[in-house]
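Mind looking at a prediction? Sequence and model below.
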Amino acid sequence: MRKLLTLSLLAATLAAPAFSAQGIQVNGTLVPQARVDAFVKQMTAQGQPDSPELRNAARDRVVMTELLRQEAVKKGLDKSPEYKSELENVQSALLANLYVRDYMKSHPISEAELKAEYEQMKSQMHQKTYHARHILVKTEAEARAVIDQLKKGKKFEDLARARSLDTGSKDNGGDLGFVDPAQLVPEFANVMTKLAKGQITQTPVKSQFGWHVIQLVDSKDADFPPFDQVKAQLEQQVQGKRFDAFLNQLKTQAKVQ
């Protein structure tokens, strides 16, 4: 029994791939450790934590891929037209991706460019946000009836809960909270931004959704994140614009028939 167990362990040892600092020996073929490291890097980039379990899984994946590659070579698939065609596609995509990375590295974005992009973003954002309520109904006549009831002392919140068709705000008395006018349909935003604090529209406002009665509760200066908080996002944005311009230049100069 002991002899059989020893032979089994020996056979398992001989069959298992050998691991070293240089890589993994699989049936006498050395698979570089860099291939395992690349798989680990890919997984950690997708959010998986680096761990012994992940590295073991990476080694298993690399070993299995190498075993399948060896079987494919034995069958002559590396000489097939399909392999050669797919290999050309992979090589083209790889070289293109390497060029993109090299372009980004050799064309760094300056601090001045990032700050200019930041100021442009700020200028495009509304300087104020508005806290509004509204009551949405189907017809102009219904909206005028709501306005009449408000003039007689009915509470805006109560009428919104009873009559508004906007299911997202009616239970809150028509309250939309603080909103950027750019997030609203223009007909609504144009009227809302002209109201004084506490004022209610005296004529119904028509939009694609129906007829609105609007109350401006309050307004305040818009919050804009500090430069350092959005710097990384700005860098990607500026790099993207610059590379798009470069691609367009390549297209216009290329001879494609």
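Received the coordinates, thanks.

Figure out how far stretch 232-246 is from the centre of its chain.
15 Å (C-alpha atoms, centre = their mean, to the nearest Å).

typed the wrong thing, it's stretch 116-128
Worked out by C-alpha atoms, centre = their mean, stretch 116-128 lies 21 Å from the chain centre.

Same check on stretch 38-55?
Centroid separation for stretch 38-55 versus its chain: 21 Å, with C-alpha atoms, centre = their mean.

Could you pull out the buried residues of it?
39-40, 43 (16 or more other C-beta atoms under 10 Å). Just so you know, the C-beta spots here come from the backbone N, C-alpha and C atoms, and that holds for glycine as well.

shaky segments in this protein?
1-21, 126 (pLDDT under 70).

Now do the buried residues in the strand or helix carrying Ala162.
Element membership of Ala162, judged by DSSP states H and E, is helix 156-163. Judged by neighbour count using 16+ other C-beta under 10 Å, the buried positions of helix 156-163 are 156-157, 159-161, 163.

again, but for stretch 208-217
Buried, per 16+ other C-beta under 10 Å, within stretch 208-217: 210-217.

I'd like to know which of those residues is nearest to Glu71.
Using C-beta to C-beta, Gly210 comes nearest to Glu71 of the buried residues of stretch 208-217, at 66.4 Å.

That closest one contacts Arg163, doesn't it?
No. With contact defined as C-beta atoms under 8 Å, Gly210 does not reach Arg163; the gap is 11.4 Å.

what sits in contact with each of those two?
Shared contacts of Gly210 and Arg163, defined by C-beta atoms under 8 Å, 6 or more residues apart in numbering, comprise Val137.

okay, the buried residues of helix 156-163 in a markdown table with distance to Lys197 next?
Putting these into a markdown table (distance: C-beta to C-beta, whole Å) gives the following:
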| residue | distance to Lys197 |
| --- | --- |
| Phe156 | 14 |
| Glu157 | 17 |
| Leu159 | 20 |
| Ala160 | 18 |
| Arg161 | 23 |
| Arg163 | 24 |
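
His134 against Gly173, yeah?
No. Using C-beta under 8 Å, His134 is not in contact with Gly173, being 10.2 Å away.
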